[in-house]
Every structure is written in structure tokens, then in C-alpha cells.
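Peer 1: below: sequence and its predicted model.
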Amino acid sequence: MKNTFILFVVFLIYGVCIPAGNTFAGRIKDRTSKEAIYGKKAGAEAIPIEITKDGHILLKAKVNGREGNFILDTGAGINVLFKKFADEIETLKEEDGEFTGFRATGEEMTMKLYTAREINIGDLAVKNPTISILDANFGNVDGLISLTCFRNQPFTIDYKDKEIILESRKTLKEREKKGTVVPIQIDDQRGISLDIFTRVRVNDKLTLQIALDSGAGLNVFRFNEMFMKELGIDSSNCEKYYKRSSLNSNINNIFYKNTVSKIELYNIAAVKVANVKAFFLKGLIYDGITSINWLGNKITIDIPDKVMIVQ
């Protein structure tokens, strides 16, 4: 299971910092869904979110009725509760088995699994979801919501209006008319972990399959170090970084930083970015990992139909 624990890439390998204290407490306020084409009149629901300066998407959710602050992380693979929050939920059921996965750098990880009664995100009720528990402290962030919660529910991340919209069939058709439909590949591991990928062209030379990871933040582009030569990048001319593994002090991860002139969606040249700072990581188990904000202001993820719609 290669991609279950991309979240550890975000939080542990790359050292993403989430402020402690009361930074996020009470910031996400309840408000009525917009009565617009994608609002409740059309059969959809809008859920308020906050977006941090680093681009992390924060939302309110309930686990077994207890409300917390969560990061929506399309690269997490599995739902995660941080231990302090999990300790306040008495009805979590520990499963007998464990789940072994790999960090994006290839380090093996094994975690205990638990079953919650329900996760509620707005009107979306996810019954008997599988979760893991991480002993970590990220201030008032209580955990990660993964794509497993949206296995059967298409949704839109609206960066401009700061909403998550639970889509209906009717509103999906409206989005298709106004947006660009992008094929995605689903990596569904035994119903426990779920991640999404798509293909991009890099510098008009390589077609690569990348993991789409909202948990990476804003404008993050990481590729396997093996592609540097084919892209004409000389590692001796790059900024070089070392990052010691937080799990194994004997492992150092090596990064090379360089400019990539163009990244565009495969066969969809209209969706692209130019002259971006990218990191090339030695030993990355994917072709690449990118954030999702560069795709558009509104990104609809439709797992049942294996597409995104970008606007």
C-alpha cells in the first residue's frame, strides 16, 4: 500500500508548520448555504472552510457527535484523529488488524485501525468510517479528513468563496457545462485508504502521473529525482537540502530545488502553470506529488465517475 500515509510526508518529512494555540478556534462559523445555482435549491450544500496562509483547508466535522477542527487532505489516504481529540471519544472501536503502508519516501509504517460510529461533514454522514490515531499536537487541529469520506459523494473545493460544496447530480451537470473535465485515477486500498492521481506534462518532455494532495498546501510541486536528467536539470546547479526522517534518525531525505518552466494537465493545455519552483526528491515512490490549488479556483472531485471538474 504505497500511498496511505502521504500525510506523513506533509507533516513529518516536509515539516509543514501548523500554528499552535487558538489560531483556528472559532474561526469557522456556521452560515446558511448560498441560495444560488449550487446552493440548497439545486440540491447541494455549501460548508464553510478556512484556508490558511500555507493553503491548508480547515473545516468543522463531527466524529461520533463530537465536533472538531480538521484539515481536508486529499493526500492523507486514511482519516486521522490526533490523540488528544481521540481520547475524548469513548466509542471508538479498535480493530484487531493493522494497516501497513509507506511514506512517500518509501519508509514502511504500520498503524492500528479504529472504527468510528459516524463522521458528519455538514449533511454528509459517513457510517462506520475507518480511522487511525496519531500522537501529535498541531494546536487546535484535531485531525485529517481524507477522501474516504467522499467515496460516494462528489464535492467541490471553492478556494474563492471558501466553501466545500456537496454536489448533487444536477449541480454536477452544471459544473460540467462551465468547467473542464479531467480524468483521475483512483487508488483504493481495500476500502481503507483512498487517493487520487492524474497525468501531467512537464516541460513538454515527460508525461507523469502525480498524486493530488490538498494537504501539501499552496503551489507545491515535488517530483522524483530520477526525472532531473530527462528534464535537463543538473543537480550540481540546484539548491540541495537534507531532511532527517522523523521516524528513523539514520535516514536523510535529499531534495533538489529547481525551476520547472511548465506543468500542464495531460491533453488539457488550458490548465497549466509556468516557471514554478519544484523539488526533486530522491527515492520518491511516485512520479510526483502536487498541491491542487494551481488547477483552478473551483475543483470538483467526483470519485464515483473518476473525474475532476476544474473552473
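Peer 2: Arrived safely, thanks for sending. Nothing here was measured: the structure is a model prediction, and the numbers come from that model. Numbers count the residues shown, from 1 in each chain.

Peer 1: switch to C-alpha atoms for all contacts and neighbour counts from now on
Peer 2: Fine.

Peer 1: and for the spatially closest residue to E163 that is not a sequence neighbour, the neighbour number?
Peer 2: In space, and not counting its chain neighbours, E163 is closest to P48: 4.6 Å by CA to CA, 6 or more residues apart in numbering. Counted by other CA atoms under 10 Å, the residues lying close to P48 total 21.

Peer 1: do the same with R151
Peer 2: Using other CA under 10 Å, R151 has 16 neighbouring residues.

Peer 1: got it, and I51?
Peer 2: Around I51 there are 17 residues (other CA under 10 Å).

Peer 1: got it, and D54?
Peer 2: Counted with other CA under 10 Å, the neighbours of D54 add up to 14.

Peer 1: cool, the one 4 residues further on as well?
Peer 2: Other residues within reach of L58 by the criterion other CA under 10 Å amount to 23.

Peer 1: isn't it right next to N69, touching?
Peer 2: Yes - taking contact to mean CA atoms under 8 Å, the distance of 6.7 Å between L58 and N69 places them in contact.

Peer 1: quick one, strands of the stretch 201-311 of the chain?
Peer 2: 206-212, 221-224, 239-244, 252-265, 268-281, 288-290, 298-302, 307-310 (DSSP state E, counting those that start in this stretch).

Peer 1: not counting its neighbours along the chain, what's nearest Y242?
Peer 2: Excluding the flanking residues, the one nearest Y242 by CA to CA, 6+ apart is I254, at 4.8 Å.

Peer 1: distance of the one you found from K170?
Peer 2: Distance, I254 to K170, using CA to CA, to the nearest Å: 47 Å.

Peer 1: who's more crowded, the two?
Peer 2: Set side by side, I254 and K170 give different neighbour counts by other CA under 10 Å, the larger being at I254 (17 against 13).

Peer 1: what's near enough to touch that one?
Peer 2: Remark: with contacts taken as CA atoms under 8 Å, 6 or more residues apart in numbering, I254 is in contact with K240, Y241, Y242, K243, L281, K282.

Peer 1: could you rerun that using 10 Å?
Peer 2: Taking CA atoms under 10 Å, 6 or more residues apart in numbering as the criterion, I254 is in contact with T105, E225, K240, Y241, Y242, K243, R244, F279, F280, L281, K282, G283.

Peer 1: now swap in E98 and tell me
Peer 2: Listed by CA under 10 Å, 6+ apart, the contact partners of E98 are T110, M111, K112, L113, Y114, S132.

Peer 1: and the furthest pair within those?
Peer 2: The distance between the two most remote of those (CA to CA) is 13.3 Å, for T110 and Y114.

Peer 1: looking at these two, which one has more neighbours?
Peer 2: More neighbours sit around Y114 than around the other of T110 and Y114, counting by other CA under 10 Å; the figures are 19 against 11.

Peer 1: ok, that one - contacts?
Peer 2: Y114 is in contact with 80, 92-98, 128-133, counting by CA under 10 Å, 6+ apart.

Peer 1: can you tell me which of these is closest to P304?
Peer 2: Each of the contacts of Y114 was checked against P304 using CA to CA; the closest is P129, at 17.7 Å.

Peer 1: these two touch, right, that closest one and F150?
Peer 2: No - contact between P129 and F150 fails when scored by CA atoms under 10 Å: they sit 11.0 Å apart.

Peer 1: any common contacting residues for these two?
Peer 2: Shared between the contact lists of P129 and F150 (criterion: CA under 10 Å, 6+ apart) there are no residues.

Peer 1: any idea which of the strands of the stretch 201-311 of the chain gets closest to E176?
Peer 2: For E176, the closest of these is strand 307-310, at 6.5 Å, according to CA to CA.

Peer 1: summarise which helices and strands the closest one is packed against.
Peer 2: Contacts defined by 3 or more CA pairs under 10 Å, 6 or more residues apart in numbering; DSSP states H and E place strand 307-310 against strand 155-158, helix 169-178, strand 180-183, strand 193-202, strand 298-302.

Peer 1: tell me which helix or strand comes right after the third one.
Peer 2: The element immediately downstream of strand 180-183 (helix or strand, assigned by DSSP states H and E) is strand 185-189.
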